[in-house]
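A.B. asks: Predicted structure and sequence below. I'll ask about it afterward.
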Amino acid sequence: MSAPVPAPSAEPTAQRYANTPLRYFAATRPAFLTVTLAGSLIGLAAAHADGFALDGLRAFATVLFALLAHAGANVFNDYHDALSGADDANTQRIYPFTGGSRFIQNGVLTTRQTALFAYALFALVIPAGLWLTLGSGAGLLAIGLAGLLLAWAYSAPPLQLASRGLGEFAVAGGWLLVVIGADYVQRGAFAWTPFAAGLSFALLVANLLFINQFPDRAGDEAAGKRTLVVRLGADTAKWGYFAIALFAYGWLVLQVGRYNLPQACAAAALTLVLSFHAARQLREHANEPAELASAIKLTIAAANLHGLLLAATLAFGARG
């Protein structure tokens with residue numbers, strides 16, 4: 001590995017993260033873990049909405065280890081983007097939103113330390129998942145294995161789903177599994193409610209990945225990472241963001257209209273103001289990566305607020 005180049009002032013440095021626990025915590029990109037917290041809350045609220053009393057200890061364990069799994073996936077992605085050269089080639093990144101954590105590129109962690117940390121995080125999740133499975137059912141094992149498979153296949157060869165233009169599908173599937181898994185721990189069975197509630201949220205999380213690919217496009221293409229935005233080109237791909245958002249909100253309205261979700265859940269559709277504003281900015285600046293920070297922030301806000309509104313209205317909204 002070549003010597004790290006000096007990092008821009010906003011990016012991590014070895015001096016800033018001299019404290020070892022803080023260094024490893026920051027390497028997980030904790031600001032992005034909020035979407036997993038929101039997804040877990042949706043799942044717990046879905047079980048509650050269908051009349052299941054929540055087990056507090058199992059609910060806490062579900063959220064904690066879902067966050068660890070997401071942290072592991074973030075670190076694992078940094079490792080593989082370093083191996084491919086995608087993050088090294090990324091000169092148009094908008095830190096801290098795109099271009100990875102920069103811990104490897106800026107000499108905060110070595111490639112080997114990053115890999116070991118990712119596998120350690122995944123290893124912590126496995127016994128917890130087995131313990132939760134004992135109290136809920138074998139279906140949770142299938143959910144957990146599918147989630148770990150997606151986390152691995154998103155970045156790692158030979159599948160490298162993100163490099164094949166399938167990253168958005170993997171992310172939407174992964175966060176839908178977070179919702180379904182949190183519900184399953186409490187319910188002990190599969191049900192329609194978490195799927196009905198979780199899909200719109202999962203699609204908005206996928207849109208976060210999608211918009212982040214615009215600043216990363218040149219670096220990804222140079223490294224041979226053929227994301228969906230690289231494959232489509234910015235001028236075509238910019239319409240994909242709006243299409244994903246439109247499908248997400250349409251799905252939510254459909255599920256409320258069919259009484260599969262409480263009427264109060266329609267409040268989560270209010271976040272379309274954020275998503276559509278971001279879509280407009282993306283259409284205007286798809287070829288100007290430096291101008292996309294505001295649209296990315298709006299996308300993060302839309303996904304998190306949508307999830308929290310869904311969780312709250314599922315928990316407290318009556319059907320009918």
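C.D. replies: Received it, and whenever you're ready, just let me know what you need.
A.B. asks: Identify the residue spatially nearest to the residue nearest in space to the middle of the chain, adjacent ones excluded.
C.D. replies: Ranked by distance to the mean C-alpha position of the chain (C-alpha atoms, centre = their mean), the top residue is residue 205 at 5.5 Å. Nearest in space to residue 205, with sequence neighbours left out and distances taken as C-beta to C-beta, 6 or more residues apart in numbering, is residue 175 at 4.6 Å. To be clear about C-beta, it is placed using only N, CA and C from the backbone, and glycine gets the same treatment.
A.B. asks: Report the contact partners of the one you found.
C.D. replies: Listed by C-beta atoms under 8 Å, 6 or more residues apart in numbering, the contact partners of residue 175 are 35, 36, 39, 198, 201, 202, 205, 206.
A.B. asks: now for whichever strand or helix holds the third one, which elements pack on it?
C.D. replies: For residue 39, the element it lies in under DSSP states H and E is helix 34-49. Other helices and strands packing on helix 34-49, by 3 or more C-beta pairs under 8 Å, 6 or more residues apart in numbering; DSSP states H and E, are helix 56-84, helix 167-187, helix 192-212, helix 293-316.
A.B. asks: a markdown table please, covering the ones you listed and showing distance to residue 99 and mean pLDDT.
C.D. replies: Shown next, in a markdown table, are these (distance: least, C-beta to C-beta, whole Å; pLDDT from 0 to 100):
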| stretch | distance to residue 99 | mean pLDDT |
| --- | --- | --- |
| helix 56-84 | 9 | 96 |
| helix 167-187 | 15 | 97 |
| helix 192-212 | 9 | 98 |
| helix 293-316 | 12 | 97 |
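A.B. asks: Out of those, flag the one nearest residue 106.
C.D. replies: Among the helices and strands packed on helix 34-49, helix 56-84 comes nearest to residue 106, with 11.2 Å by C-beta to C-beta.
A.B. asks: who does the closest one touch, helix- and strand-wise?
C.D. replies: Applying 3+ C-beta pairs under 8 Å, 6+ apart, one finds that helix 56-84 contacts helix 34-49, helix 111-136, helix 138-155, helix 167-187.
A.B. asks: could these go into TSV alongside distance to residue 18?
C.D. replies: Shown next, in TSV, are the helices and strands packed on helix 56-84 (distance: least, C-beta to C-beta, whole Å):
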stretch	distance to residue 18
helix 34-49	26
helix 111-136	15
helix 138-155	28
helix 167-187	33
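A.B. asks: so which of the ones you listed comes closest to residue 264?
C.D. replies: Of these, nearest to residue 264 by C-beta to C-beta is helix 34-49, at 10.1 Å.
A.B. asks: For residue 58, find the nearest of the helices and strands packed on helix 56-84.
C.D. replies: helix 167-187 (5.4 Å).
A.B. asks: got the angle between that closest one and helix 192-212?
C.D. replies: 150 degrees (axes from the mean of the first three to the mean of the last three C-alpha atoms, to 10 degrees).
A.B. asks: can you pull the buried residues of helix 167-187?
C.D. replies: For helix 167-187, the neighbour count (16 or more other C-beta atoms under 10 Å) marks 167-168, 170-187 as buried.
A.B. asks: With stretch 135-148 instead?
C.D. replies: 136, 137, 139, 140, 143, 144, 147, 148.
A.B. asks: Among those residues, list the two that are farthest apart in space.
C.D. replies: 137 and 148 (18.0 Å).
A.B. asks: In stretch 307-317, which residues are buried?
C.D. replies: 307, 308, 309, 310, 311, 312, 313, 314, 315, 317.
A.B. asks: Excluding chain neighbours, what is closest to the first one?
C.D. replies: What that stands for is residue 307. Nearest non-adjacent residue to residue 307, counting by C-beta to C-beta, 6+ apart: residue 38, 2.9 Å away.
A.B. asks: Please apply the same query to residue 298.
C.D. replies: residue 278 (3.9 Å).
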